[in-house]
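Enquirer: no FASTA, just this:
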């Protein structure tokens, strides 16, 4: 994947774009902001959103327009080789089951298996590539003891980003996007206790990715700068959203997804999926979900 941000992709794409058009992307009003839990979820890929000057608090990363849709389709092709829904779902599965974290842990295990060996000795022993050498060198440079989750947030944050980009491009609908985003929230909450913890993990993941291809120091400095901006009060975006949310807030998002499937809002009606999400919401204490489930049951 190339390491240019989306605005460089805009400039060098085959689309003819004027300065006025670029400014319109930044200045056009974004969609109405979401509820607290929706906004919390959309804030997870905050570092890449800052780089792309995208919204932190809406499912859409930019105002939905033909121009912006084309821009994000080009970005998905250039960065992720995503050209359709199937490609998108495959990338999401990779992020959830392997991702960059799997490669990081592979290199970490070389050190664990050879605790007294130098990087050069490990390289010679396993006949490793330049990419693997760069990965080992990055891990060795960390000023703390890394573990299996050191860069986990990088994959989980990008998972949410890819969901949002896929929705922006029309590859998945809003119910699909929220269903998938909901699936990673428990994993994130289990492994991280604050925005700072999550952000550091995401930052280290991006720095690891940059190190693998020996990328420029400029990109590394930018990543660290954005992380600090997001966690620094009073204006840092992550500091404006509580990391911990009430279970009732999660139930509202589960209720919302259930109603999308129930009424066919932005997706096809699917009673079975609706019932599944309404039951999740009900179990989280949502009274409206309980009432809807009773109505569905009475109609059967």
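Expert: Here it is on my side, so go on. Please read these numbers as outputs of a predicted model, since none were measured by experiment.
Enquirer: okay, now the unreliable bits of the chain?
Expert: The chain contains residues with pLDDT under 70 at 1-34, 247-248, 300.
Enquirer: from the contact counts, what lies against the host helix or strand of residue 37?
Expert: For residue 37, the host element (DSSP states H and E) is helix 36-42. Helix 36-42 is packed against helix 152-169, helix 174-191, helix 247-263, with contacts defined by 3 or more C-beta pairs under 8 Å, 6 or more residues apart in numbering; DSSP states H and E. No exception for glycine: its C-beta is placed from N, CA and C like everyone else's.
Enquirer: the ones you listed: which one's closest to residue 42?
Expert: Relative to residue 42, the nearest member of the helices and strands packed on helix 36-42 by C-beta to C-beta is helix 152-169, separated by 6.8 Å.
Enquirer: now the closest one: buried residues?
Expert: Residues of helix 152-169 classed as buried: 152-169 (neighbour count, 16 or more other C-beta atoms under 10 Å).
Enquirer: who does it touch, helix- and strand-wise?
Expert: Against helix 152-169 (3+ C-beta pairs under 8 Å, 6+ apart) you get helix 36-42, helix 46-52, helix 66-80, helix 85-97, helix 99-113, helix 174-191, helix 195-212.
Enquirer: of all these, which lies closest to residue 235?
Expert: helix 46-52 (12.3 Å).
Enquirer: gap between that closest one and the chain center?
Expert: Averaging C-alpha positions (C-alpha atoms, centre = their mean, to the nearest Å) puts helix 46-52 10 Å from its chain's average.
Enquirer: name the helices or strands packed onto it?
Expert: helix 6-12, helix 152-169, helix 195-212, helix 217-231.
Enquirer: give the buried residues for the third one.
Expert: Read it as helix 195-212. Applying 16+ other C-beta under 10 Å to helix 195-212 flags 195, 198-212 as buried.
Enquirer: gap between it and the chain center?
Expert: 12 Å.
Enquirer: what inclination does that helix have with respect to helix 152-169?
Expert: 90 degrees (axes from the mean of the first three to the mean of the last three C-alpha atoms, to 10 degrees).
Enquirer: how about residues contacting helix 195-212?
Expert: 3, 44-47, 100-101, 103-104, 131, 134-135, 137-139, 142, 149-155, 157, 188, 192, 219-220, 223-224, 227, 230-231, 238-239, 241, 243 (C-beta atoms under 8 Å, 6 or more residues apart in numbering).
Enquirer: and what of the last one?
Expert: Contact with helix 217-231 is made by 3, 46-47, 50-51, 195-196, 199-200, 202-203, 206-207, 210, 236-239, as judged by C-beta under 8 Å, 6+ apart.
Enquirer: same thing but 10 Å
Expert: For helix 217-231, the external contacting residues (C-beta atoms under 10 Å, 6 or more residues apart in numbering) are 3-5, 43, 46-51, 56, 194-196, 198-200, 202-207, 209-211, 216, 235-240.
Enquirer: just stretch 106-123 next, same as before
Expert: 105, 124-126, 128-140, 146-148, 150-151, 208, 212.
Enquirer: which of those residues count as buried?
Expert: 105, 128, 132-136, 138-139, 146, 150-151, 208, 212.
Enquirer: quick one: residue 102 from residue 149, how far?
Expert: Distance of residue 102 to residue 149, given as C-beta to C-beta, to the nearest Å: 12 Å.
Enquirer: of these two, who's got more company?
Expert: A direct count of neighbours by other C-beta atoms under 10 Å for residue 102 and residue 149 places residue 149 higher, at 15 against 12.
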